[in-house]
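A.B. asks: test case, fold it:
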Amino acid sequence: MLKKIIFSILFLQNFQLFAQQNIDTTSKESTIQFGGYAEMYYSYSKNATDLKSDFLFNHKRNNQFAINVAMVNATYTAEKTRAKIGIMFGDYAQYNYDGEPNWAQFIYEANFGTLISKKHNIWLDAGVFPSHIGFETPLANDCWSATRSIVSENSPYYEAGVKLSHSSKNKKSTVALFYLNGWQKIIKPSDVSRPSFGLQYTYTPNDRFTINYSNFVGRCQPDSLKSLRIYNDIFLKFAATKKIGVIIGFDFGNDSYQLNKTSWWFTPIVIGRFKIKERNYISVRNEYLFDKNQIIIKNLDNKESSIYGCSLNYDRQLTEKSIFRIEFKHYSSTNKIFGNKSNLFSETQNYFTAGFSIKL
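C.D. replies: Numbering: from 1, shown residues only. Predicted structure coming up:
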C-alpha cells in the first residue's frame with residue numbers, strides 16, 4: 001500500500017508538469033484539458049475491524065494508510081460539443097463499484113454531449129456522470145469535511161444514461177432531466193426492464209447562495225417485486241459572512257413493493273464551515289438518519305434504525321489545490337450496526353481520520 005501511495009504522488013507531480021507544458025491545448029474552436037486527483041488517508045477506530053461498516057464506501061480501511069481516490073481525467077470543450085473521461089482506482093472504486101462489471105469499476109465519468117439549441121442553451125449528454133443528487137462528491141477537495149456524510153454514502157455517487165439540460169442566459173438557474181439505467185448503475189440489471197428518471201433544478205442568484213432540488217424515480221429491485229423508489233434531495237448552501245459558510249440538507253425516500261407495501265426514510269444534515277485565519281478552516285457536521293424498515297442500513301435487531309452522527313474537521317490549505325485534513329467523527333445508533341458482515345458489534349463508533357489531497 002505504501003508503494004501505491006508513493007507512486008500516486010510521483011505520478012501526479014510528473015503528470016502536472018507534463019500537462020502544463022504539453023497537453024493543455026486551446027484554439028478558438030476547441031479546448032482539451034488534462035488533470036488529476038489523488039487522496040491519501042489514515043483512519044482509525046478503536047473497536048473496528050480492518051474494514052469499516054458496510055454502509056460506508058469511502059475511507060473504508062481501518063488502521064491503515066490507503067488511497068481513497070486516485071484519478072486522471074480529460075475534458076474536451078468546443079462550441080457545440082463536449083466530452084469528459086475520468087479513470088480511477090482506490091477505496092471508492094473498489095467498494096462502491098463492486099456490483100459493476102470489472103471493466104466499469106475504473107470509470108469515474110465518461111460522457112459526450114452536443115448542443116442542440118444554441119439560442120436556449122440546451123445540451124444533450126450521454127454516458128456515465130457524477131450523480132445529480134447531493135452536495136458531496138467522492139473527491140475531498142470538493143467537500144467541507146475529510147470523510148463523507150451518511151446521506152452521501154447511501155445515495156448515488158454516479159449514474160449512467162442520458163441528460164437533457166438547460167441554463168438560463170444569466171447563468172443563475174439550470175434545469176436537467178435524466179433517463180437513467182437505475183439507482184447508481186452503469187449497467188442496468190438484467191432483472192429490471194424499465195428505466196429510471198431524474199430531475200435537477202439549481203438556482204444561484206449570486207456567488208454566496210445556492211439552492212438545489214434533485215430527485216430519482218425508478219425501480220431498484222427485480223420486476224417481479226413491482227417496486228418503485230421515489231427519492232428527493234434538497235439542499236441550501238450559502239455564505240453567511242465572509243468567514244462563515246453553511247449547508248443545510250434534507251433527503252427523504254420512499255420504496256413501494258407489490259403496490260401496497262411502503263417503506264420510507266429521511267436524512268437531515270447541517271454543516272458549518274468557519275475560516276479561522278488565512279488557509280485554515282474548521283467544519284462542524286451534524287446528521288441524522290431514520291430508516292423505518294431498514295432499506296438503507298440493516299441491523300441485527302431487525303427493527304427500525306436511527307443513526308446520529310457528528311464530526312469536527314480541521315483543514316489546512318497547503319496550496320491552491322492541495323489540502324491537509326484532520327477529522328474526529330462520532331456515530332451512535334439505536335441498533336448494533338457498526339462493524340462489517342463478519343462482525344456487527346456496536347451501537348457507537350468513533351473515528352479519527354487524517355488525509356492529504358491534491359487536485360490538478
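
A.B. asks: how confident was the prediction at Ser190?
C.D. replies: For Ser190, the model assigns a pLDDT of 87.

A.B. asks: ok, Ser155 next?
C.D. replies: 95.

A.B. asks: so what's it closest to, chain neighbours aside?
C.D. replies: Ile133 (5.3 Å; C-beta to C-beta, 6 or more residues apart in numbering). C-beta: built from backbone N, CA, C; applies to glycine.

A.B. asks: SS state for that neighbour?
C.D. replies: With DSSP: H, G, I helix; E, B strand; the rest coil as the basis, Ile133 sits in coil.

A.B. asks: how much space between it and Val151?
C.D. replies: 9 Å (C-beta to C-beta, to the nearest Å).

A.B. asks: what does stretch 103-116 rub up against?
C.D. replies: With contact meaning C-beta atoms under 8 Å, 6 or more residues apart in numbering, stretch 103-116 is reached by 69, 71, 73, 79-89, 93-94, 97-98, 121-130, 138, 158, 163, 186-187.

A.B. asks: ditto for stretch 248-263
C.D. replies: Taking C-beta under 8 Å, 6+ apart as the rule, stretch 248-263 contacts 133-135, 151, 155, 220-221, 225-236, 264-270, 292-293, 295.

A.B. asks: ok, 7 Å please
C.D. replies: 135, 151, 155, 225-236, 264-270, 292-293, 295 (C-beta atoms under 7 Å, 6 or more residues apart in numbering).

A.B. asks: then stretch 326-344?
C.D. replies: 49, 51, 53-54, 145-147, 297, 299-301, 303, 305-314, 345-354.

A.B. asks: now, of these, which are buried?
C.D. replies: 51, 53-54, 145-147, 297, 299, 305-309, 311, 313-314, 346, 349-351, 353-354 (16 or more other C-beta atoms under 10 Å).

A.B. asks: just the pLDDT for Leu344.
C.D. replies: So, for Leu344, pLDDT stands at 60.

A.B. asks: list the buried residues in the helix or strand hosting Gln94.
C.D. replies: Following DSSP states H and E, one finds Gln94 within helix 91-96. Residues of helix 91-96 classed as buried by neighbour count (16+ other C-beta under 10 Å): 91-93, 95-96.

A.B. asks: so which helix or strand of this protein has the lowest pLDDT on average?
C.D. replies: strand 25-26 (a mean of 44; mean pLDDT, DSSP states H and E).
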